[in-house]
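[1] Just the structure for this:
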Amino acid sequence: MTQTKTTTMTNSFLTQTCIDAASPDTKRRRFLMALAAIPLAGAISLPRTARAAAAGAVPKTAGATALIEGRDRWLFPGWESLTEDSTAACLNVVDLIGRVANKMAARSIHCAVVIAPLKARACADKLAEGTTLSTAVAGRYSALVARAKAIGLDLVDGEAALARVDTQEDATYIRADYHWSAHTAEAQADATAERLIASGALHGEKGGATKLGDWTEERNYGDLAELLPPERKRVIGKDRFIVRQTDSDGDALTAATPVVQVVGNSMVQPYLGFPQKLSNALERPVGLKWTFGDVGPWKTLLDYLESPAFKATPPQAIVWQFNEGQMMSGPGAVGQWDVASVMADDAWLARVTKALG
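    Got it, this is the predicted structure:
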(Lines give C-alpha, C1' and ligand atoms only; values in the text may rest on other atoms or scores of the structure.)
Protein backbone atom coordinates (compact mmCIF):
# COMPACT_ATOMS: atom_id res chain seq x y z
CA MET A 1 0.00 0.00 0.00
CA THR A 2 1.31 3.45 -0.85
CA GLN A 3 2.02 5.53 2.20
CA THR A 4 1.13 9.21 2.20
CA LYS A 5 2.50 12.08 4.15
CA THR A 6 0.64 15.18 5.24
CA THR A 7 2.18 18.58 4.63
CA THR A 8 0.87 21.90 5.93
CA MET A 9 1.25 24.95 3.69
CA THR A 10 0.89 28.31 5.43
CA ASN A 11 0.86 31.96 4.37
CA SER A 12 -0.75 35.13 5.70
CA PHE A 13 -4.16 34.11 4.38
CA LEU A 14 -4.27 30.36 4.05
CA THR A 15 -3.42 27.37 6.18
CA GLN A 16 -4.43 24.30 4.20
CA THR A 17 -3.48 20.64 4.51
CA CYS A 18 -2.49 18.87 1.33
CA ILE A 19 -1.76 15.21 0.66
CA ASP A 20 1.51 14.29 -1.02
CA ALA A 21 1.61 10.69 -2.23
CA ALA A 22 4.81 8.75 -2.77
CA SER A 23 3.51 7.04 -5.91
CA PRO A 24 4.13 8.90 -9.22
CA ASP A 25 0.61 8.00 -10.33
CA THR A 26 -0.90 9.98 -7.45
CA LYS A 27 1.48 12.95 -7.43
CA ARG A 28 -0.96 14.79 -9.70
CA ARG A 29 -2.96 15.59 -6.56
CA ARG A 30 0.03 17.19 -4.86
CA PHE A 31 -0.54 20.79 -3.83
CA LEU A 32 -3.82 21.03 -5.79
CA MET A 33 -5.99 20.41 -2.76
CA ALA A 34 -4.10 23.16 -0.97
CA LEU A 35 -5.20 25.56 -3.71
CA ALA A 36 -8.83 24.56 -3.69
CA ALA A 37 -10.14 27.47 -1.63
CA ILE A 38 -7.76 30.38 -2.20
CA PRO A 39 -8.71 33.81 -3.58
CA LEU A 40 -7.09 34.50 -6.93
CA ALA A 41 -6.23 38.20 -6.85
CA GLY A 42 -2.96 39.20 -8.44
CA ALA A 43 -0.51 36.58 -9.70
CA ILE A 44 -0.97 33.02 -8.47
CA SER A 45 1.83 30.50 -8.18
CA LEU A 46 1.27 26.84 -8.99
CA PRO A 47 4.00 24.20 -8.76
CA ARG A 48 5.29 23.16 -12.18
CA THR A 49 4.68 19.52 -11.22
CA ALA A 50 0.93 20.07 -10.86
CA ARG A 51 -1.16 17.97 -13.24
CA ALA A 52 -4.43 18.69 -14.99
CA ALA A 53 -5.26 14.98 -14.82
CA ALA A 54 -6.96 15.09 -11.41
CA ALA A 55 -7.62 11.53 -10.30
CA GLY A 56 -10.93 12.40 -8.66
CA ALA A 57 -12.53 13.10 -12.05
CA VAL A 58 -12.50 9.37 -12.66
CA PRO A 59 -14.85 7.02 -10.75
CA LYS A 60 -12.94 4.79 -8.34
CA THR A 61 -14.36 1.70 -10.04
CA ALA A 62 -13.35 2.79 -13.54
CA GLY A 63 -10.76 0.82 -15.45
CA ALA A 64 -9.68 0.10 -18.99
CA THR A 65 -13.04 -1.50 -19.79
CA ALA A 66 -14.73 1.82 -18.88
CA LEU A 67 -12.98 3.63 -21.71
CA ILE A 68 -13.99 4.32 -25.29
CA GLU A 69 -11.04 4.45 -27.66
CA GLY A 70 -11.52 6.61 -30.72
CA ARG A 71 -9.55 7.78 -33.71
CA ASP A 72 -5.95 8.98 -33.41
CA ARG A 73 -5.54 7.41 -29.93
CA TRP A 74 -8.25 9.59 -28.38
CA LEU A 75 -9.89 8.30 -25.21
CA PHE A 76 -13.38 9.00 -23.85
CA PRO A 77 -14.97 8.12 -20.50
CA GLY A 78 -17.14 5.05 -21.05
CA TRP A 79 -19.12 5.68 -17.86
CA GLU A 80 -20.76 8.66 -19.59
CA SER A 81 -23.37 7.02 -21.81
CA LEU A 82 -23.51 8.08 -25.44
CA THR A 83 -27.01 6.65 -25.94
CA GLU A 84 -29.08 6.75 -22.74
CA ASP A 85 -31.82 9.38 -22.66
CA SER A 86 -31.38 11.06 -19.26
CA THR A 87 -32.71 14.43 -20.41
CA ALA A 88 -35.71 14.46 -18.07
CA ALA A 89 -33.54 13.82 -15.02
CA CYS A 90 -31.09 16.50 -16.16
CA LEU A 91 -33.90 19.05 -16.51
CA ASN A 92 -35.06 18.23 -12.99
CA VAL A 93 -31.57 19.01 -11.77
CA VAL A 94 -31.61 22.33 -13.65
CA ASP A 95 -34.85 23.16 -11.84
CA LEU A 96 -33.18 22.41 -8.49
CA ILE A 97 -30.24 24.63 -9.42
CA GLY A 98 -32.74 27.35 -10.32
CA ARG A 99 -34.33 27.13 -6.87
CA VAL A 100 -30.93 27.62 -5.26
CA ALA A 101 -30.10 30.51 -7.59
CA ASN A 102 -33.32 32.21 -6.50
CA LYS A 103 -32.35 31.79 -2.85
CA MET A 104 -28.96 33.36 -3.64
CA ALA A 105 -30.68 36.23 -5.41
CA ALA A 106 -32.70 36.89 -2.27
CA ARG A 107 -29.31 37.46 -0.57
CA SER A 108 -28.23 39.79 -3.41
CA ILE A 109 -25.84 37.15 -4.75
CA HIS A 110 -26.02 36.47 -8.48
CA CYS A 111 -25.59 32.84 -9.56
CA ALA A 112 -24.10 31.99 -12.95
CA VAL A 113 -23.91 28.32 -13.92
CA VAL A 114 -21.24 26.70 -16.10
CA ILE A 115 -21.76 23.16 -17.42
CA ALA A 116 -18.76 21.50 -19.07
CA PRO A 117 -20.10 19.91 -22.28
CA LEU A 118 -19.73 16.19 -22.89
CA LYS A 119 -16.29 15.44 -24.36
CA ALA A 120 -17.76 12.88 -26.77
CA ARG A 121 -20.00 15.52 -28.33
CA ALA A 122 -17.40 18.28 -28.32
CA CYS A 123 -14.90 15.97 -30.04
CA ALA A 124 -17.32 13.71 -31.93
CA ASP A 125 -15.01 13.65 -34.94
CA LYS A 126 -12.54 11.68 -32.79
CA LEU A 127 -14.98 8.89 -31.91
CA ALA A 128 -14.29 5.55 -33.55
CA GLU A 129 -16.02 4.80 -36.83
CA GLY A 130 -19.51 3.51 -36.12
CA THR A 131 -19.67 5.11 -32.65
CA THR A 132 -22.28 7.85 -32.53
CA LEU A 133 -24.35 9.78 -30.04
CA SER A 134 -28.04 9.07 -29.76
CA THR A 135 -30.41 11.85 -30.76
CA ALA A 136 -31.22 12.45 -27.08
CA VAL A 137 -27.58 12.81 -26.03
CA ALA A 138 -26.75 14.92 -29.08
CA GLY A 139 -29.48 17.40 -28.16
CA ARG A 140 -29.19 17.29 -24.39
CA TYR A 141 -27.02 20.35 -23.88
CA SER A 142 -29.37 22.48 -25.98
CA ALA A 143 -32.23 21.22 -23.83
CA LEU A 144 -30.38 22.32 -20.68
CA VAL A 145 -29.80 25.79 -22.11
CA ALA A 146 -33.46 26.08 -23.11
CA ARG A 147 -34.72 25.01 -19.68
CA ALA A 148 -32.39 27.45 -17.95
CA LYS A 149 -33.67 30.27 -20.13
CA ALA A 150 -37.27 29.29 -19.41
CA ILE A 151 -36.82 29.48 -15.62
CA GLY A 152 -34.58 32.56 -15.65
CA LEU A 153 -31.38 30.77 -14.65
CA ASP A 154 -28.16 32.42 -15.85
CA LEU A 155 -26.49 29.53 -17.67
CA VAL A 156 -23.37 30.10 -19.73
CA ASP A 157 -23.70 28.45 -23.15
CA GLY A 158 -20.67 26.18 -22.95
CA GLU A 159 -21.11 24.79 -26.44
CA ALA A 160 -21.06 28.30 -27.91
CA ALA A 161 -17.91 28.99 -25.90
CA LEU A 162 -16.26 25.90 -27.41
CA ALA A 163 -16.62 27.48 -30.83
CA ARG A 164 -14.29 30.26 -29.70
CA VAL A 165 -11.35 27.91 -29.22
CA ASP A 166 -8.76 28.07 -32.00
CA THR A 167 -8.26 24.36 -32.63
CA GLN A 168 -5.12 25.12 -34.64
CA GLU A 169 -3.56 26.18 -31.33
CA ASP A 170 -5.04 23.48 -29.09
CA ALA A 171 -7.81 20.88 -28.98
CA THR A 172 -10.98 21.69 -27.07
CA TYR A 173 -10.42 18.68 -24.77
CA ILE A 174 -7.19 16.90 -23.86
CA ARG A 175 -6.79 13.81 -26.05
CA ALA A 176 -6.41 11.03 -23.44
CA ASP A 177 -7.70 12.94 -20.43
CA TYR A 178 -11.16 13.67 -19.03
CA HIS A 179 -10.63 17.43 -18.90
CA TRP A 180 -11.10 20.27 -21.30
CA SER A 181 -7.94 22.05 -22.42
CA ALA A 182 -6.66 25.24 -20.84
CA HIS A 183 -7.65 27.15 -23.99
CA THR A 184 -11.20 25.88 -23.55
CA ALA A 185 -11.14 26.75 -19.85
CA GLU A 186 -10.21 30.31 -20.78
CA ALA A 187 -12.91 30.51 -23.47
CA GLN A 188 -15.47 29.37 -20.90
CA ALA A 189 -14.13 31.94 -18.43
CA ASP A 190 -14.46 34.72 -21.01
CA ALA A 191 -18.05 33.70 -21.73
CA THR A 192 -18.76 33.63 -18.00
CA ALA A 193 -17.28 37.08 -17.52
CA GLU A 194 -19.52 38.42 -20.26
CA ARG A 195 -22.60 36.99 -18.55
CA LEU A 196 -21.61 38.41 -15.17
CA ILE A 197 -20.97 41.86 -16.62
CA ALA A 198 -24.26 41.79 -18.52
CA SER A 199 -26.14 40.78 -15.36
CA GLY A 200 -25.22 44.03 -13.66
CA ALA A 201 -24.53 42.09 -10.47
CA LEU A 202 -21.00 43.40 -9.99
CA HIS A 203 -20.50 46.80 -8.41
CA GLY A 204 -17.70 48.80 -6.89
CA GLU A 205 -14.38 49.76 -8.40
CA LYS A 206 -12.35 47.37 -10.49
CA GLY A 207 -8.97 46.17 -9.28
CA GLY A 208 -7.09 43.11 -8.04
CA ALA A 209 -7.18 41.16 -11.30
CA THR A 210 -5.02 38.08 -11.78
CA LYS A 211 -2.11 38.56 -14.17
CA LEU A 212 -1.79 35.91 -16.87
CA GLY A 213 1.51 34.28 -17.78
CA ASP A 214 2.78 33.15 -21.18
CA TRP A 215 1.70 29.83 -22.65
CA THR A 216 3.98 26.86 -22.09
CA GLU A 217 3.80 23.12 -22.80
CA GLU A 218 4.21 20.02 -20.66
CA ARG A 219 3.93 16.34 -21.56
CA ASN A 220 2.17 13.95 -19.19
CA TYR A 221 -0.12 10.94 -19.33
CA GLY A 222 -3.77 11.90 -19.26
CA ASP A 223 -5.95 10.55 -16.46
CA LEU A 224 -7.85 8.27 -18.86
CA ALA A 225 -4.60 6.83 -20.19
CA GLU A 226 -3.62 6.06 -16.59
CA LEU A 227 -6.49 3.53 -16.46
CA LEU A 228 -4.99 1.37 -19.21
CA PRO A 229 -2.72 -1.66 -18.83
CA PRO A 230 0.95 -0.63 -19.11
CA GLU A 231 1.45 -1.88 -22.66
CA ARG A 232 -1.65 -0.09 -23.97
CA LYS A 233 -0.82 3.04 -21.99
CA ARG A 234 2.53 3.21 -23.79
CA VAL A 235 0.75 2.96 -27.15
CA ILE A 236 -1.69 5.77 -26.27
CA GLY A 237 1.26 7.85 -25.12
CA LYS A 238 1.58 11.15 -23.30
CA ASP A 239 -0.48 14.26 -23.96
CA ARG A 240 0.47 17.85 -24.59
CA PHE A 241 -0.74 19.99 -21.69
CA ILE A 242 -0.61 23.56 -22.97
CA VAL A 243 -0.98 25.78 -19.90
CA ARG A 244 -0.04 29.21 -18.68
CA GLN A 245 3.43 29.85 -17.29
CA THR A 246 3.09 30.37 -13.55
CA ASP A 247 4.59 33.13 -11.47
CA SER A 248 8.09 32.37 -10.21
CA ASP A 249 7.68 33.89 -6.76
CA GLY A 250 7.10 30.57 -5.01
CA ASP A 251 4.13 30.60 -2.66
CA ALA A 252 3.07 34.22 -3.20
CA LEU A 253 -0.69 34.26 -2.64
CA THR A 254 -2.82 37.31 -2.01
CA ALA A 255 -5.61 37.75 0.47
CA ALA A 256 -7.98 40.10 -1.36
CA THR A 257 -11.65 39.49 -0.65
CA PRO A 258 -13.25 37.77 -3.68
CA VAL A 259 -15.93 39.69 -5.53
CA VAL A 260 -16.83 36.51 -7.45
CA GLN A 261 -16.56 32.99 -6.06
CA VAL A 262 -16.08 29.97 -8.33
CA VAL A 263 -17.37 26.66 -6.94
CA GLY A 264 -16.77 23.53 -8.98
CA ASN A 265 -14.66 20.48 -9.76
CA SER A 266 -11.31 19.83 -11.43
CA MET A 267 -12.43 21.50 -14.66
CA VAL A 268 -11.93 24.82 -12.87
CA GLN A 269 -8.75 23.91 -10.99
CA PRO A 270 -5.98 26.55 -11.19
CA TYR A 271 -3.77 24.41 -13.44
CA LEU A 272 -6.19 24.81 -16.34
CA GLY A 273 -6.66 28.53 -15.72
CA PHE A 274 -10.43 29.11 -15.50
CA PRO A 275 -10.45 31.24 -12.30
CA GLN A 276 -7.36 33.21 -13.29
CA LYS A 277 -8.82 34.08 -16.69
CA LEU A 278 -12.16 35.00 -15.11
CA SER A 279 -10.42 37.34 -12.68
CA ASN A 280 -8.38 38.86 -15.49
CA ALA A 281 -11.45 39.41 -17.69
CA LEU A 282 -13.50 40.92 -14.86
CA GLU A 283 -10.57 42.93 -13.47
CA ARG A 284 -11.61 41.81 -9.99
CA PRO A 285 -10.46 39.26 -7.41
CA VAL A 286 -12.00 35.81 -7.83
CA GLY A 287 -12.15 33.11 -5.16
CA LEU A 288 -12.08 29.39 -5.81
CA LYS A 289 -13.52 26.37 -4.03
CA TRP A 290 -13.02 23.18 -6.00
CA THR A 291 -13.07 19.49 -5.19
CA PHE A 292 -12.55 16.35 -7.20
CA GLY A 293 -15.49 15.10 -9.26
CA ASP A 294 -16.49 12.26 -6.96
CA VAL A 295 -17.33 14.78 -4.22
CA GLY A 296 -19.86 16.40 -6.51
CA PRO A 297 -21.16 19.95 -7.02
CA TRP A 298 -23.78 19.72 -4.26
CA LYS A 299 -21.43 19.00 -1.38
CA THR A 300 -18.85 21.44 -2.74
CA LEU A 301 -21.33 24.32 -2.80
CA LEU A 302 -22.66 23.40 0.63
CA ASP A 303 -19.16 23.32 2.10
CA TYR A 304 -18.50 26.80 0.73
CA LEU A 305 -21.81 28.27 1.93
CA GLU A 306 -21.27 26.83 5.40
CA SER A 307 -17.69 28.14 5.58
CA PRO A 308 -16.55 31.04 7.79
CA ALA A 309 -15.29 32.83 4.65
CA PHE A 310 -18.77 33.00 3.15
CA LYS A 311 -20.38 34.04 6.41
CA ALA A 312 -17.83 36.82 6.89
CA THR A 313 -17.82 38.25 3.35
CA PRO A 314 -20.40 36.89 0.89
CA PRO A 315 -19.41 37.50 -2.75
CA GLN A 316 -21.44 39.51 -5.22
CA ALA A 317 -21.69 36.49 -7.51
CA ILE A 318 -21.14 32.74 -7.40
CA VAL A 319 -20.13 30.78 -10.49
CA TRP A 320 -21.31 27.21 -9.95
CA GLN A 321 -19.71 24.64 -12.28
CA PHE A 322 -21.01 21.20 -13.26
CA ASN A 323 -20.12 18.42 -15.71
CA GLU A 324 -22.78 17.50 -18.25
CA GLY A 325 -22.05 13.80 -17.75
CA GLN A 326 -23.20 14.11 -14.12
CA MET A 327 -26.16 16.43 -14.64
CA MET A 328 -28.70 13.67 -14.15
CA SER A 329 -27.50 13.16 -10.57
CA GLY A 330 -28.83 15.23 -7.69
CA PRO A 331 -27.49 15.43 -4.12
CA GLY A 332 -28.87 11.99 -3.23
CA ALA A 333 -27.37 10.03 -6.14
CA VAL A 334 -25.93 6.97 -4.40
CA GLY A 335 -23.05 5.54 -6.41
CA GLN A 336 -22.32 8.80 -8.22
CA TRP A 337 -20.79 10.73 -5.31
CA ASP A 338 -18.60 9.48 -2.51
CA VAL A 339 -20.55 8.22 0.49
CA ALA A 340 -19.86 11.27 2.66
CA SER A 341 -21.28 13.59 -0.03
CA VAL A 342 -24.63 11.86 -0.58
CA MET A 343 -27.69 13.38 1.10
CA ALA A 344 -31.39 13.58 0.34
CA ASP A 345 -32.43 16.50 -1.87
CA ASP A 346 -34.64 18.02 0.83
CA ALA A 347 -31.96 17.73 3.51
CA TRP A 348 -29.38 19.30 1.21
CA LEU A 349 -31.71 22.14 0.25
CA ALA A 350 -32.56 22.80 3.89
CA ARG A 351 -28.88 23.17 4.76
CA VAL A 352 -28.29 25.48 1.79
CA THR A 353 -31.27 27.61 2.83
CA LYS A 354 -29.96 27.85 6.40
CA ALA A 355 -26.43 28.71 5.21
CA LEU A 356 -27.73 31.48 2.97
CA GLY A 357 -29.69 32.90 5.90
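[2] Just the strands from this structure, written as ranges.
    4-10, 15-21, 39-40, 67-69, 75-77, 110-116, 154-156, 215-220, 239-244, 260-264, 286-290, 317-323 (DSSP state E).
[3] Of all these, which one comes closest to residue 271?
    strand 239-244 (6.2 Å; Cβ to Cβ). Any C-beta I mention is one placed from the backbone N, CA and C, and that applies to glycine too.
[4] Buried residues, the closest one. List them.
    By neighbour count on 16 or more other Cβ atoms under 10 Å, the buried set for strand 239-244 is 239, 241-244.
[5] same deal with stretch 70-88?
    Buried-residue list, stretch 70-88, by 16+ other Cβ under 10 Å: 70, 74-78, 80-82, 86-87.
[6] cool, and stretch 138-154?
    By neighbour count with 16+ other Cβ under 10 Å, stretch 138-154 contains the buried residues 140-141, 144-145, 147-148, 153-154.
[7] and if you look at stretch 212-225?
    For stretch 212-225, by 16+ other Cβ under 10 Å, it's 212-213, 218, 220-225.
[8] Among these, which are located in helices?
    Among those, DSSP state H puts none in helices.
[9] any idea which of those is the one closest to residue 345?
    For the buried residues of stretch 212-225, the nearest to residue 345 is residue 223 (29.7 Å; Cβ to Cβ).
[10] Count the neighbours of residue 204 for me.
    Residue 204: 8 surrounding residues under other Cβ atoms under 10 Å.
[11] From residue 287, how far out is it?
    15 Å (Cβ to Cβ, to the nearest Å).
[12] and residue 286, what are its bridge partners?
    residue 40, residue 260 (DSSP bridges).
[13] thinking it is in contact with residue 278, fair?
    Yes: if you go by Cβ atoms under 8 Å, residue 286 and residue 278 touch, sitting 5.2 Å apart.
[14] quick one: common contacting residues for those two?
    Residues touching both residue 286 and residue 278 (Cβ atoms under 8 Å, 6 or more residues apart in numbering): 260, 262.
[15] Need the pLDDT of residue 2.
    If you check residue 2, the pLDDT there is 33.
[16] same deal with the one 5 residues further on?
    The predicted structure scores residue 7 at 29 on the pLDDT scale.
[17] How about residue 280?
    97.
[18] Check residue 246 too.
    pLDDT, residue 246: 72.
[19] Now do it: how many residues are near it, please.
    By other Cβ under 10 Å, neighbour count at residue 246 equals 19.
[20] these two touch, right, it and residue 214?
    No: Residue 246 lies out of contact with residue 214 (Cβ under 8 Å); the separation is 10.1 Å.
[21] Pull up the overlap in contacts between the two.
    With contacts defined as Cβ under 8 Å, 6+ apart, no residue is shared by residue 246 and residue 214.
[22] Skip the chain neighbours and tell me the closest residue to residue 269.
    residue 290 (5.5 Å; Cβ to Cβ, 6 or more residues apart in numbering).
[23] and residue 320, what are its bridge partners?
    residue 113, residue 263.
[24] Next one, pLDDT for it please.
    For residue 320, the predicted pLDDT is 98.
[25] which parts of the helix ranked longest in the chain are buried?
    As assigned by DSSP H, the longest helix anywhere in the chain is helix 87-106. By neighbour count with 16+ other Cβ under 10 Å, helix 87-106 contains the buried residues 87, 90-91, 93-94, 96-98, 100-101, 103-104.
[26] contacting residues around residue 99?
    residue 349.
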